[in-house]
Every structure is written in C-alpha cells, then in structure tokens.
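> everything below, folded, please.
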Amino acid sequence: MSLPQELMNDDRDQCFADWGVSIVFREVATTFDPLTQQTTEEFTDTELTAIIGQGKSNVLKSTAGQALGTELVVWIKPEELPAETTTSRVLFDGHEYRLVSFHRREKEPYCELICRRC
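The predicted structure is shown next:
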C-alpha cells in the first residue's frame with residue numbers, strides 16, 4: 001500500500017513548520033574575461049525554509065590536520081528550489097557553503113543538498 005502524495009506533503013509541510021530555519025540559496029553565474037584574465041561572479045539570492053541535518057567534519061588533505069572541511073546537509077522542498085546547479089551556494093548561520101550534490105528521490109517530498117563550507 002502506498003501513501004497518497006497529499007498526505008506525504010502535509011507531513012513534510014508540518015516538519016518544515018516545526019523545524020525549518022531560514023537559509024539563503026545563492027545562484028552564482030561566473031564569467032571570465034580572457035583579455036583581462038579576470039573572473040567575475042553575479043549572485044541571485046533566494047530565501048528558503050530548510051531543515052538542517054547532521055553533516056560531517058573531515059580533516060582536509062595537505063593541512064597536516066590543522067583544518068577541517070565542514071559538510072552541511074540541507075533538506076528543502078523541491079518546488080522551492082530555484083535551480084539544480086552545483087555552482088550554487090547556501091548561506092547559513094553566517095557561513096557560505098558550496099553545493100557538492102543534489103539528491104532528489106522520485107517518491108520523497110523533499111530534496112537533499114550536500115554542501116561543503118567555502
């Protein structure tokens with residue numbers, strides 16, 4: 001027996017209402033000028049409600065254990081996701097994270113973003 005999509009979305013919406021926090025989803029468009037060898041970025045920011053999951057902290061290679069790479073797991077509603085590009089970033093709790101991957105399963109009413117701190 002499968003659950004109706006409406007019921008799953010209602011449960012999801014209640015979870016976001018209870019545990020959701022505000023994040024900024026930043027779409028980044030990069031342009032390169034070959035004459036000046038300069039790279040410029042343009043941003044389009046969208047405020048979203050997200051549920052923050054437990055990420056990992058890994059020792060970065062070539063830092064002799066002195067620096068950690070912090071991973072952030074973010075769940076958002078797929079219909080609110082402005083773009084699915086790994087050039088985008090997430091701003092949360094005063095830090096900027098670059099998107100590493102998207103996980104959007106067909107039957108689940110949320111999208112999981114795996115991010116790494118810039």
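> please enumerate the strands of the protein.
Counting by DSSP state E, one finds strands in the chain at the ranges 21-33, 38-53, 57-59, 68-76, 89-92, 95-103, 111-117.
> could you tell me the least trusted of those strands?
Lowest mean pLDDT within those: strand 57-59, at a mean of 66.
> relative to residue 15, which of the strands of the chain is closest?
Ranking the strands of the chain by proximity to residue 15 (Cβ to Cβ) places strand 38-53 first, at 6.6 Å. No exception for glycine: its C-beta is placed from N, CA and C like everyone else's.
> hang on, the earlier thing: in JSON lines, list the strands of the chain along with mean neighbour count.
Formatted as JSON lines, these follow (neighbours: other Cβ atoms under 10 Å):
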{"stretch": "strand 21-33", "mean neighbour count": "14"}
{"stretch": "strand 38-53", "mean neighbour count": "13"}
{"stretch": "strand 57-59", "mean neighbour count": "11"}
{"stretch": "strand 68-76", "mean neighbour count": "18"}
{"stretch": "strand 89-92", "mean neighbour count": "20"}
{"stretch": "strand 95-103", "mean neighbour count": "15"}
{"stretch": "strand 111-117", "mean neighbour count": "19"}
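> nearest to residue 5, of those strands?
Nearest to residue 5 among these is strand 111-117 (15.1 Å), distances taken as Cβ to Cβ.
> what angle do strand 38-53 and the closest one make with each other?
Orientation check (axes from the mean of the first three to the mean of the last three Cα atoms, to 10 degrees): strand 111-117 against strand 38-53 gives 120 degrees.
> name every strand pairing with strand 111-117 and say which way it goes.
strand 68-76 (antiparallel), strand 95-103 (antiparallel) (DSSP bridges).
> so which of these is nearest residue 14?
Among these, strand 68-76 comes nearest to residue 14, with 13.7 Å by Cβ to Cβ.
> what angle separates the closest one from strand 21-33?
Using the same axes, to 10 degrees, strand 68-76 lies at 110 degrees relative to strand 21-33.
> list the contacts of strand 68-76.
Applying Cβ atoms under 8 Å, 6 or more residues apart in numbering, the contact partners of strand 68-76 are 23, 25, 48-60, 90, 92, 95, 97, 100, 110-117.
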